[in-house]
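J.: 3D model of this:
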Amino acid sequence: MTQLGLFSEPQAGPAGLRYTDNFVDAAAEQELIGRIAALPLQRFQFGAFEGNRRVAWFGYQYDYSQQRLTEAEPIPEWVRPVARRAETWAGPAEGSVRQVLCTEYDVGVGIGWHRDKPHFKEILGLSLGSPCKFRFRRRRGDKWERYTLEALPRSLYMMEGEARAQWEHSIPPVEAHRYSITFRTMKQG
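T.: Prediction:
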């Protein structure tokens with residue numbers, strides 16, 4: 001379901017947002033959910049605050065208390081084939097994904113409005129387990145342009161360009177248990 005905003009075309013969304021359904025099949029989805037559930041997931045730390053979603057970082061993680069990227073555990077072998085497939089679909093060169101975030105959302109958990117840290121270039125997300133509303137907004141004068149993407153289970157989205165740099169995104173509290181794998185490429189320099 002798409003929430004209409006101030007766009008002239010009903011299906012238009014932020015420039016630089018791409019989406020595909022059924023990126024992985026149901027068997028692969030169940031295997032990935034099992035792998036994520038078996039990780040030593042920790043509550044998301046945002047400075048002095050603790051989020052309700054549980055996460056595991058690989059490659060790099062952002063340390064909010066030090067306001068910088070720090071190295072994390074290496075990207076696990078089980079997630080590398082999915083990352084390579086996402087790179088092929090999205091266009092960056094093989095090996096461009098340098099950071100992976102595995103997230104578990106319990107019922108009623110979401111993410112507030114934000115933009116990913118500027119160290120990252122392309123952001124790709126694989127939605128697993130249940131659908132979610134992936135909301136976008138950007139200020140235009142004294143109003144907000146808005147767009148909502150219904151991210152179905154097994155779907156993949158990518159944010160780059162305007163969708164990445166000019167729009168904030170959020171996920172309202174989910175209605176069913178959900179997992180995701182976020183793949184991030186790095187900006188040069």
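J.: Would you mind confirming that residue 16 makes contact with residue 169?
T.: No. Applying C-beta atoms under 8 Å as the test, residue 16 and residue 169 come out as separate, 11.8 Å apart. (Glycine included, C-beta is placed from N, CA and C.)
J.: Of those two, give the one with the bigger neighbour count.
T.: residue 169 (24 against 16; other C-beta atoms under 10 Å).
J.: Pull the number of nearby residues for the closest residue to that one other than its chain neighbours.
T.: In space, and not counting its chain neighbours, residue 169 is closest to residue 136: 5.3 Å by C-beta to C-beta, 6 or more residues apart in numbering. The local packing of residue 136 (other C-beta under 10 Å) involves 23 other residues.
J.: Please name the bridge partners of residue 136.
T.: Taking DSSP bridges as the rule, residue 136 bridges to residue 147, residue 169.
J.: Just checking, which helix or strand of the protein averages the lowest pLDDT?
T.: strand 42-46 (a mean of 79; mean pLDDT, DSSP states H and E).
J.: partners of the following helix or strand past that one in the sheet?
T.: Toward the C-terminus, strand 42-46 is succeeded by strand 49-58 as the next helix or strand (DSSP states H and E). Applying DSSP bridges, strand 49-58 is found paired with strand 42-46 (antiparallel), strand 97-105 (antiparallel).
J.: if we can go back for a sec, wouldn't the residue nearest to residue 169 be in contact with residue 144 here?
T.: No. Residue 136 lies out of contact with residue 144 (C-beta under 8 Å); the separation is 9.8 Å.
J.: returning to that earlier point: what is in contact with residue 16 and residue 169 at once?
T.: residue 159 (C-beta atoms under 8 Å, 6 or more residues apart in numbering).
J.: Return the distance of the closest residue in space to residue 20 that isn't next to it in sequence relative to residue 122.
T.: The spatial neighbour of residue 20 that comes closest, neighbours along the chain excluded (C-beta to C-beta, 6+ apart), is residue 156 at 5.4 Å. The gap separating residue 156 from residue 122 is 12 Å, by C-beta to C-beta, to the nearest Å.
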